[in-house]
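S.K.: here is a sequence together with a model predicted from it:
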Amino acid sequence: MMAPQLVDRLDERRALERLLDSVREGMSQTLVIRGEPGIGKTVLLDYVTASAADFRIERVVGIESEMEFGFATLHQLLMPFLAGLEDLPQPQRDALGSAFGLVSTDRDNRFLVALGTLSLLASAAIDQPILCVIDDAQWLDRESAEILAFVARRLHADRVALVVATRESDGKRSILDDLPQLELRGLPDAEARELLNTVTGPIAPRVGDRLVAETGGNPLALIELGRELTPGQFDDEPGWPGPPLPVSRRLQELFLRQVRGLPDETQRLLLAAAERFGDRDLLWRAAASQRIGLDAAEPAVMQQLMTIQPRIGFRHPLIRSAVYHGASGAERRAAHQALADALDLERDRDRRAWHRAAAALGPDEELAADLSHSAAQATSRGGYAAAATLLGLAVEATPDPVRRAERLLDAAEAELIAGSPGTARDLVRQAQPRLREPVRRAQALRLEGAIQFALGEGDQAPQTLVRAAQAFEPVDVGTSRDTMLEALEAAIYAHRSTAVEVAQAAADVPPASPSRPAAADLLLDGLAALFTAGHQAAAPILRRAMEMLGSDDLPADDGLRWLGLGCWAATELLDEQWWGALAKRWMQLCRDRGGAHQAGHGPGLRR
């Protein structure tokens, strides 16, 4: 049989050539290639890579099993550029170092990670244009996707090309949707037949028609199904078992049939490789723990299902998917356990905990504690999506119902900060019936109010937060006052007509220490006075609050949380000078802490 070749795609190839030419002329360009599995995205990435011989090329692949780990793909992409880390401004250098686990910090530094990535690429492109190629972007961890989208929108005249391939949308919004798109469809009938003939040689027209129709012109489907035809089938219709199936499922079944023909040890080795793509040393250690010899890889290599040089790889991502999803639960658990055992207890604690969770048969408090620790580490790096996933696994591993409910509440908070208020609400409602401590029940109410605010339920959020403040009062007066201020904030921004009611409720909260009130205490007292007694009564209190918010002694967390409300108070007092000073301070704090999302996260969250 003849080898398959790139057929048609002339318009797409021209688009990629124009992209490279523009970068050669000094500009930057981004393109997201989108389409179903096997449609030819990777082939086009191969084409643009081959056409960029004068570029510095860095190519990475999104890995399904690493979606839960914040900044995993970004780490892959930037690893070759880290020699330039020392030339970055200190905040950006520290932020990238923290995200990649090179330095320890308790700061949430997402914004600075993005700026550091932008600076690192732009600096490296001074000497030679850069082509960054990312395949399987549907499996990017959320943090990497957000950073890459940020960088793509801000690259201009930096001589950097970013070409991304991802599967077509399943109807959900993607972080990459707003970037320039190139939609790939099936090949036209004539070109699909041409491609099929390169694989099979001449076949009966009706057989070709059936293959083209059943595959929708999907190139990989045509190649793989064409290869499966025996010589006797070239002049007869192939037997299609059952009704037509979606291409991705059909190809997975096809690949799985190929895998099932391999020796048992080879299948088990492939299963371990499917979970930790690329790391040969880890795979060999995991194989050794299962008494699998290195020669077990040879049949898969001979069948061109996998490669082992320079890294472990699969001929197509669907082979990896077929191997993993086609295995039994017991087989997957054994592979996860082998990988967990092969990982270093200290250096790879987070990844090890994740594999242990996938291998677990039941609750395990030690495992749950490890997962919670990993979630805390992810949170310190700004990886809230990763933290939410890890906390969800910790919940499943927690045997005690009350402790499980508390971890559900922690997971809900992480989901909300990560931008999933609907999921957060589901978790809060699961947790509430088993929360025993009054402070935890109050936290659940506070979180519910923040979720209502995030979901646009402004008529409910203020009253929910008032109830939360009242629930905190017997156990924590300081948090009660903060929560009442959040209720007032929600009323101001979402449903100002209820602000008077909230202000009246605030009068029942015990006062702060008269000798040492915090900025939040003064804001609460001043805003309550504004809505109940008017501007003349409120102005002196609010001016004291603004002075504290503008002070160098203000803790950064308090500034991030309350400076926005301070700006609003300055507007009410028609004080442009204080408004400008507080707004400048607020945005600088956001930049310093890398928390662009902090600038408007709404009530109820104190990250």
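M.R.: Received it, and whenever you're ready, just let me know what you need.

S.K.: does residue 126 sit in a helix, a strand or a coil?
M.R.: coil (DSSP: H, G, I helix; E, B strand; the rest coil).

S.K.: just give me the neighbour total for it.
M.R.: Neighbours of residue 126 under the rule other Cβ atoms under 10 Å: 10. The way it works is simple: take the backbone N, C-alpha and C, and place the C-beta from them, glycine included.

S.K.: any idea how far it lies from residue 53?
M.R.: Distance of residue 126 to residue 53, given as Cβ to Cβ, to the nearest Å: 19 Å.

S.K.: the helix or strand containing residue 23: what's the following helix or strand?
M.R.: Using DSSP states H and E, residue 23 sits within helix 10-24. Downstream of helix 10-24, the next assigned helix or strand under DSSP H and E is strand 29-35.

S.K.: counting by contacts, list what that next one packs against.
M.R.: Packing partners of strand 29-35 (3 or more Cβ pairs under 8 Å, 6 or more residues apart in numbering; DSSP states H and E): helix 10-24, helix 41-50, strand 160-167, strand 181-183.

S.K.: in a markdown table: those, plus mean pLDDT, distance to residue 249 and mean neighbour count.
M.R.: As requested, these are exported to a markdown table (pLDDT from 0 to 100; distance: least, Cβ to Cβ, whole Å; neighbours: other Cβ atoms under 10 Å):
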| stretch | mean pLDDT | distance to residue 249 | mean neighbour count |
| --- | --- | --- | --- |
| helix 10-24 | 96 | 26 | 16 |
| helix 41-50 | 95 | 18 | 19 |
| strand 160-167 | 96 | 13 | 24 |
| strand 181-183 | 95 | 21 | 15 |
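
S.K.: minimum distance to residue 220: which of these has it?
M.R.: Closest of these to residue 220 is helix 41-50, at 8.8 Å (criterion: Cβ to Cβ).

S.K.: check which element follows that closest one along the chain.
M.R.: Using DSSP H and E, the next helix or strand after helix 41-50 towards the C-terminus is strand 56-61.

S.K.: let me see the contact set for the spatially most central residue of the chain.
M.R.: Central residue of the chain (Cα atoms, centre = their mean): residue 142, 1.0 Å from the mean position. Residue 142 is in contact with 67, 70, 175, 385-386, 418, counting by Cβ atoms under 8 Å, 6 or more residues apart in numbering.

S.K.: ok, and the most crowded of these?
M.R.: Neighbour max across those (other Cβ under 10 Å) = residue 70, 31 neighbours.

S.K.: which phi and psi does the residue lying closest to it once chain neighbours are set aside have?
M.R.: Closest residue to residue 70 apart from its sequence neighbours, by Cβ to Cβ, 6 or more residues apart in numbering: residue 383 at 2.5 Å. Main-chain dihedrals, residue 383, degrees, to the nearest 10: phi -90, psi 70.

S.K.: next, count neighbours for residue 383.
M.R.: For residue 383, the tally of surrounding residues (other Cβ under 10 Å) stands at 29.

S.K.: can you give me the helices in the stretch 101-250 of the chain?
M.R.: Under the criterion DSSP state H, counting those that start in this stretch, the stretch 101-250 of the chain contains helices at 110-124, 142-154, 189-200, 205-215, 219-228, 247-260.

S.K.: would you map out the domains in the protein?
M.R.: 10-183, 189-257, 264-342 (automatic domain parsing).

S.K.: of all those domains, which one is nearest residue 569?
M.R.: In terms of Cβ to Cβ, the element of the domains of the chain nearest to residue 569 is domain 10-183, at 25.4 Å.

S.K.: make a markdown table out of the helices of the stretch 101-250 of the chain and add mean pLDDT.
M.R.: Formatted as a markdown table, these follow (pLDDT from 0 to 100):
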| stretch | mean pLDDT |
| --- | --- |
| helix 110-124 | 93 |
| helix 142-154 | 94 |
| helix 189-200 | 86 |
| helix 205-215 | 78 |
| helix 219-228 | 81 |
| helix 247-260 | 78 |
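
S.K.: right, I'll leave it there.
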